[in-house]
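[1] predicted coordinates and the sequence they were generated for:
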Amino acid sequence: MLAAAVEVLRHFFAPQLPVYRHLPGQIASWVRSTPLRAATTVTAGSRPAILFAGYLAVLMIGYPPTALDERGKPPHHDYDSELLDLQLRWDTGWYLHIAMEGYRYNAETGTKEQQSIVFFPAYPLMTRVAALLLGNRELSYIAGGTVVSLAAFLLALAYLYPLAREHLEDDRAAA
């Protein structure tokens, strides 16, 4: 009740435009901003190169013998294409499991085996939302996780650009 009373008083004594009126204009100006344009250029230029380098590394170097399972297959080898399997490395199995099925904790084993509860829930939650929008299949979860990761990378670069401009010259801040 107190919060509602404070909100009513604030509305009468310090009126402001509602969020839905000024938010589209702010989003449009941010999309046209220099930090986001520079971040988009870096993201679009670097991510395909990183994916290609990873693909070449798997094809040319392969997997160490200790990474193979009992059948001789690499971990998280769900597809016949190594290009599709590139997205299934490191902690991806944990995050996909959490996004698709939720957290699990086995109290009997406790700290003797790895548990999914140690992973922060923001990334699996955003992956789940993206996957539901993309069709709610296993490949949708992989694509959703990739989209969420790329969007987070883009926003992080856009956030770091003004910080870099404070400490570097203009031409070095964009690089």
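    On my side now, so go ahead. Keep in mind the model is a prediction, meaning the values are calculated, not measured.
[2] what mean pLDDT does the longest helix belonging to the chain get?
    The longest helix of the chain (DSSP state H) is helix 138-167. Averaging the model's pLDDT scores along helix 138-167 yields 89.
[3] measure Glu166 to Leu160 for me?
    Distance of Glu166 to Leu160, computed by C-beta to C-beta, to the nearest Å: 11 Å. Bear in mind the C-beta positions are built from the backbone N, C-alpha and C, glycine included.
[4] more neighbours, those two?
    Under the criterion of other C-beta atoms under 10 Å, the comparison of Glu166 against Leu160 puts Leu160 first, with 14 against 7.
[5] enumerate every residue touching that one.
    Going by C-beta atoms under 8 Å, 6 or more residues apart in numbering, Leu160 touches no other residue.
[6] look up how far Thr146 lies from it.
    According to C-beta to C-beta, Leu160 and Thr146 sit 21 Å apart.
[7] my read: Glu82 touches Ile61, true?
    No - under the criterion of C-beta atoms under 8 Å, Glu82 lies out of contact with Ile61, with a separation of 11.8 Å.
[8] residue boundaries of the helices in the protein?
    Going by DSSP H, the chain shows helices at 2-13, 19-31, 34-60, 82-85, 92-101, 122-134, 138-167, 170-173.
[9] got these as a markdown table, with distance to Gln114 columns?
    Putting these into a markdown table (distance: least, C-beta to C-beta, whole Å) gives the following:
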| stretch | distance to Gln114 |
| --- | --- |
| helix 2-13 | 42 |
| helix 19-31 | 40 |
| helix 34-60 | 24 |
| helix 82-85 | 21 |
| helix 92-101 | 8 |
| helix 122-134 | 16 |
| helix 138-167 | 19 |
| helix 170-173 | 41 |
